[in-house]
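*Asks:* Quick one, fold the following:
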Amino acid sequence: MNNDKRVKRRVQLIILLPVFMSIGLLVATVYLNGFSSHMGIIAIALLVVFLIASLVLYFSLMPHLSALLTDYSLKQGKIQKELLHELEIPYAILDTDGHIMWANNMFHDTIGVARDKRIKKSVDAYFAELLPEIIDGSESVDINVNYEDRKYRASIKRIDLSRVFEEVHEDDEKGEVTQVLREENPKKNANVVLALYLFDETDLRRLEQETADQKLYAGLLYLDNYDEVMNELEDVKHSILTALIERKINMYLANVDSIVKHIENDKYFFVFKQKYMQTLRDDRFSILDEVKSINVGNQIPMTLSIGIGCDADSDRNGFVSAYENARIAIGMAMGRGGDQAAVKFGEHVTYYGGKSAGTEKTTRVKARVKAQAFEELLLSKEKVLIMAHKRPDADAFGSSIGIYRMVSAMNKKAYVVLNEVTDAIKPLVNSFKAANMYDGVFVTSTEAVAMVDQKTVVVVCDVNKPSMTECEELLDMVPTVVVFDHHRQTTEAIKAATLSYIEPFASSACEMIAEMYQYMSKSPKLKIQEADAMYAGILIDTDNFLTKTGVRTFEAASYLRKSGADVVRVRKMFRSSMVELKERAQGISNAEIFMNHFALSYVDHDADSHDAPTVPVAKAANELLNVENIDASFVVTEAADGILYVSARSIGDVNVQIVMERFNGGGHANIAGAQLQGKKKEEFFGELKAVLEEMSRAGEI
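*Replies:* Numbers count the residues shown, from 1 in each chain. Below you'll find the predicted structure:
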């Protein structure tokens, strides 16, 4: 029912109320007094006169009252229409397809269309963010939009005309908007229109951005190999190298208006405003390469690592949190091998640089400190569960055995979690079985979970990703977790480890454990089979001492040789089968050269083969590096379990680890890999080529 009619009826009711009351009083007077008394007759006469006067007044005023209400309604409509036209906020009415059906003067001025002209274009022609799928009329929307140099908050309200207008008014002026909307909406959504308001927030957002730009980032800068470079450099050149490095650092950070403090010989602390963060990102931290280029006679280039942190919670004073994030970021940069920058914003970490393989640490101070800390930690514990990564290889098995012997030397119970004896470790396991060793030591994940108590320590070796461990559940069940690994850290890392020894410069986890042996208060005495297992771990991970081999690698191998490891015996264990040799040859035959420096290939793994699918692809990738001009190789195979295994190898300056991180993989600068669920090799190679082209253009590899 029309609103005007409802108002008119209410006014009529108010005017007729005295008539009804006088009738009631007249009836009551007649009933009480009748016509027998003079007072009754007078009262009845007065009430009859009042009733007649009220009726005359009602019938004489109603035509004038109706005209007055109609005139008032028209004036109110015109006022509202004029106010809507002159509203200081841009306002428009849209249909569900985004066509502008009507707009006020401010909206016309905002988009630069004359006020007396009809807007023919859709709203997304002016505001690209208002796509048809966003303004489909299904619900109200609030969205930020831009037009030229102004920023707006667009508020779109859904209006159902079937509820607003119950009927079309007969008067053209009063029904103007209703009729126009119905004429221009002859569709199934004809009863739905959208009211668009534009709130200019340009100045507000500018002030918000200025406030955010003043937020401080904390940064830590460490020289990775300060001691190694200084030890091999002449004493008289120490001050020259230090001065040149400090000058480079100060000049670089001065470009971002940073305050720098030299806190130790090889450590710097700096702060800068958030608005300069994008400058550093765009520059991709060129200071990493600038410092490496400094040469005053040093044979080893100086490299540095940078950790930058910011508190993502803007509702609190976050500089303390920003510094804590910077401290975590520098630890992650160093844990990945150094020569790179890590930026930690809240929980998100971004890495830059990391192209070089890093410099081997000649000092064993860290190995000694970690060995002593591990001993002290075990004093208050009774049981140790040792696990490596899924589908263990020789290094994973050998390092697990090495830790077992270390723990046993302290008279503590130890168990090795082993769910699957892969072909990569079968020769080693068979050697233990032949010697009747380690009965009851190897347990499954289910058995390990049942053993856990508050006096249990979980030691993880040759892996630092929780999802890749033999039993991830164990990490959450025990209060004490220890990590020994030689792979570079990624964002996915074991959280809150009580003791963490991650050395990316080491060739293998077995090398790290062998070094720690020499600093234990109770030096473990290895059995021949145990020494063979650890030696095999080093041999396989270094590809027969050809990759990632340093002075400490040979020293560890020498120690194991003295402990009874036999080179010939180990070599016989890991000779290739004819099937594996054919698969390796197939990987070489299928190779494609990409960008003149990358070899891409695949191996069709035999589903009936008992060999691990990673073995032939890794060996094929190693063989492809012998091809002239090839800097990196990528070989894949599709296993029966639906996983695509990728093996990446490089020689020289190409860092395949940061390439594999794009596919949620990891590893070392020269040896890396990834496991992709449900992806075909053709799809992977297409993505890999795009990544290689992108990273080459950006100078990341």
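*Asks:* Name the next helix or strand downstream of the strand or helix carrying V416, please.
*Replies:* In this assignment (DSSP states H and E), V416 forms part of strand 413-417. As assigned by DSSP H and E, the chain's next helix or strand after strand 413-417 is helix 426-434.
*Asks:* Could you pull out the helices in the stretch 101-250 of the chain for me?
*Replies:* 105-111, 161-164, 176-183, 202-213, 226-232, 238-254 (DSSP state H, counting those that start in this stretch).
*Asks:* Can you tell me which of these is most buried?
*Replies:* helix 105-111 (a mean of 19; mean count of other Cβ atoms under 10 Å). From N, CA and C alone the C-beta is placed, and that goes for glycine too.
*Asks:* packing partners for it?
*Replies:* strand 91-94 (3 or more Cβ pairs under 8 Å, 6 or more residues apart in numbering; DSSP states H and E).
*Asks:* In the chain, what helix or strand scores lowest on average pLDDT?
*Replies:* Using mean pLDDT, DSSP states H and E, helix 176-183 stands out as the lowest-scoring helix or strand of the chain, at a mean of 45.
*Asks:* which residues in the stretch 601-701 of the chain form strands?
*Replies:* Applying DSSP state E, counting those that start in this stretch to the stretch 601-701 of the chain gives strands spanning 632-638, 643-650, 666-667, 671-677.
*Asks:* Take these and lay them out in JSON lines including mean neighbour count and mean pLDDT.
*Replies:* Below are the strands of the stretch 601-701 of the chain laid out as JSON lines (neighbours: other Cβ atoms under 10 Å; pLDDT from 0 to 100):
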{"stretch": "strand 632-638", "mean neighbour count": "27", "mean pLDDT": "92"}
{"stretch": "strand 643-650", "mean neighbour count": "25", "mean pLDDT": "91"}
{"stretch": "strand 666-667", "mean neighbour count": "23", "mean pLDDT": "78"}
{"stretch": "strand 671-677", "mean neighbour count": "21", "mean pLDDT": "87"}
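*Asks:* For A536, which of those strands is the nearest?
*Replies:* Each of the strands of the stretch 601-701 of the chain was scored for nearness to A536 using Cβ to Cβ, and the closest is strand 671-677 (16.5 Å).
*Asks:* quick one: strands adjacent to the closest one?
*Replies:* If you go by DSSP bridges, strand 671-677 pairs up with strand 643-650 (antiparallel), strand 666-667 (antiparallel).
*Asks:* Poorly predicted segments of the stretch 501-650 of the chain, please.
*Replies:* Scanning the stretch 501-650 of the chain for pLDDT under 70 picks out 606-612.
*Asks:* Also the stretch 301-450 of the chain?
*Replies:* For the stretch 301-450 of the chain, the ranges with pLDDT under 70 are 312-317, 355-363.
*Asks:* Sheet partners, orientation included, of the strand ranked longest in the chain?
*Replies:* Longest strand of the chain, by residue count under DSSP state E: strand 150-160. The pairing partners recorded for strand 150-160 under DSSP bridges are strand 141-147 (antiparallel), strand 192-200 (antiparallel).
*Asks:* how far off helix 202-213 does the first one point, in degrees?
*Replies:* Orientation note: strand 141-147 sits at an angle of 90 degrees relative to helix 202-213 (axes from the mean of the first three to the mean of the last three Cα atoms, to 10 degrees).
*Asks:* what's next to strand 141-147, contact-wise?
*Replies:* Contacts of strand 141-147 with the rest of the structure, by Cβ atoms under 8 Å, 6 or more residues apart in numbering, involve 110-111, 126-130, 134-135, 151-156, 198, 201.
*Asks:* Buried only: go through those for me.
*Replies:* Buried members of these, scored by 16 or more other Cβ atoms under 10 Å, are T110, I111, Y126, F127, L130, I135, K151, Y152, A154, I156, L198.
*Asks:* Max pairwise distance over these: which two?
*Replies:* Pairwise distances across the buried ones among the contacts of strand 141-147 (Cβ to Cβ) peak at 18.8 Å, for the pair I135 and K151.
*Asks:* What about L377, how many residues nearby?
*Replies:* Number of residues near L377 (other Cβ atoms under 10 Å) recorded here: 15.
*Asks:* Would you mind giving both backbone torsions of it?
*Replies:* phi -60, psi -40 (degrees, to the nearest 10).
*Asks:* Surely it is in contact with T480?
*Replies:* Yes - L377 lies in contact with T480 (Cβ atoms under 8 Å); the separation is 6.9 Å.
*Asks:* Identify the contacts common to those two.
*Replies:* Common neighbours of L377 and T480, counting by Cβ under 8 Å, 6+ apart, are V457, T498.
*Asks:* the helices in the stretch 601-701 of the chain, which residues?
*Replies:* Going by DSSP H, counting those that start in this stretch, the stretch 601-701 of the chain shows helices at 614-624, 656-661, 681-698.
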